[in-house]
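Chemist: give me a model of this one.
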Amino acid sequence: MKTLMLMRHAKSSWKEPLPEDRDRPILKKGIKRTKRTALFIKEKGLIPELILSSPAVRAWQTAELLIEELVTNLKIKQVDAMYPGSSAALLKTIWQVNNKYSRLMIIGHNPGLSDLACYLLGNQEASWIPTSGLVVISFVNGRWQETKPGEGVMLHYIQPKALPD
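Modeler: Model prediction:
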């Protein structure tokens, strides 16, 4: 069985004039909500074995904060194809993951992340993942390369502002 965790980056700043979209940092509100999501992950025993992140600053900062909150030495791998991250690019990234990993987390961007969730679930239950939000999907297959549309089962759909502090 495989467990895929799709997490959207934390809320980020639009206020500072930055040279590129990919350079936007996360906000205090984003930090707070990511900590809520991390607590949920810990409480449910969903610590990922591998985290793949978009190279955008806000995604990378979200991944680093998550690791800090989960108190793990897990490494994060940046995947250039995950920015901006179409659902097709994200799925190709998943297909390349070593099968020794059973719990994989992807930290990326909408609309690709939400589109991928809907594609894998075969429905619109997770049609919009909010910032610091999380969708946890399980698959009965034992290989990431066999991840196919409509075969996923949603275990959790987390909207962090609905979680307790």
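Chemist: where does pLDDT dip in the protein?
Modeler: Low-confidence segments of the chain (pLDDT under 70): 16, 18-19.
Chemist: quick one, helices of it?
Modeler: 28-43, 57-70, 87-95, 112-121 (DSSP state H).
Chemist: and the first one, what's buried?
Modeler: Right, the one you point to is helix 28-43. For helix 28-43, burial by neighbour count (16 or more other C-beta atoms under 10 Å) applies to 29-31, 33-41. Glycine gets a C-beta too; all of them are placed from N, C-alpha and C.
Chemist: next: stretch 103-119.
Modeler: So for stretch 103-119, counting by 16+ other C-beta under 10 Å, buried means 103-110, 112-119.
Chemist: enumerate every residue touching the spatially most central residue of the chain.
Modeler: For the chain, the residue sitting closest to the mean C-alpha position, by C-alpha atoms, centre = their mean, is Met7 at 2.3 Å. By C-beta atoms under 8 Å, 6 or more residues apart in numbering, the residues touching Met7 are 37, 62, 66, 105-108, 113, 129, 132-135.
Chemist: mind putting these into JSON lines with distance to Lys161?
Modeler: Below are the contacts of Met7 laid out as JSON lines (distance: C-beta to C-beta, whole Å):
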{"residue": "Thr37", "distance to Lys161": "10"}
{"residue": "Thr62", "distance to Lys161": "15"}
{"residue": "Leu66", "distance to Lys161": "17"}
{"residue": "Met105", "distance to Lys161": "20"}
{"residue": "Ile106", "distance to Lys161": "21"}
{"residue": "Ile107", "distance to Lys161": "18"}
{"residue": "Gly108", "distance to Lys161": "20"}
{"residue": "Leu113", "distance to Lys161": "18"}
{"residue": "Ile129", "distance to Lys161": "13"}
{"residue": "Ser132", "distance to Lys161": "8"}
{"residue": "Gly133", "distance to Lys161": "9"}
{"residue": "Leu134", "distance to Lys161": "12"}
{"residue": "Val135", "distance to Lys161": "16"}
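Chemist: of those, just say which sits nearest to Pro164.
Modeler: Taking C-beta to C-beta as the measure, Pro164 lies nearest Thr37 of those, at 11.9 Å.
Chemist: so the closest one sits against Leu134, correct?
Modeler: Yes. In this structure Thr37 lies within contact range of Leu134 using C-beta atoms under 8 Å: 5.4 Å.
Chemist: so Trp60 versus Ser86, what's the distance?
Modeler: Distance from Trp60 to Ser86, counting by C-beta to C-beta, to the nearest Å: 19 Å.
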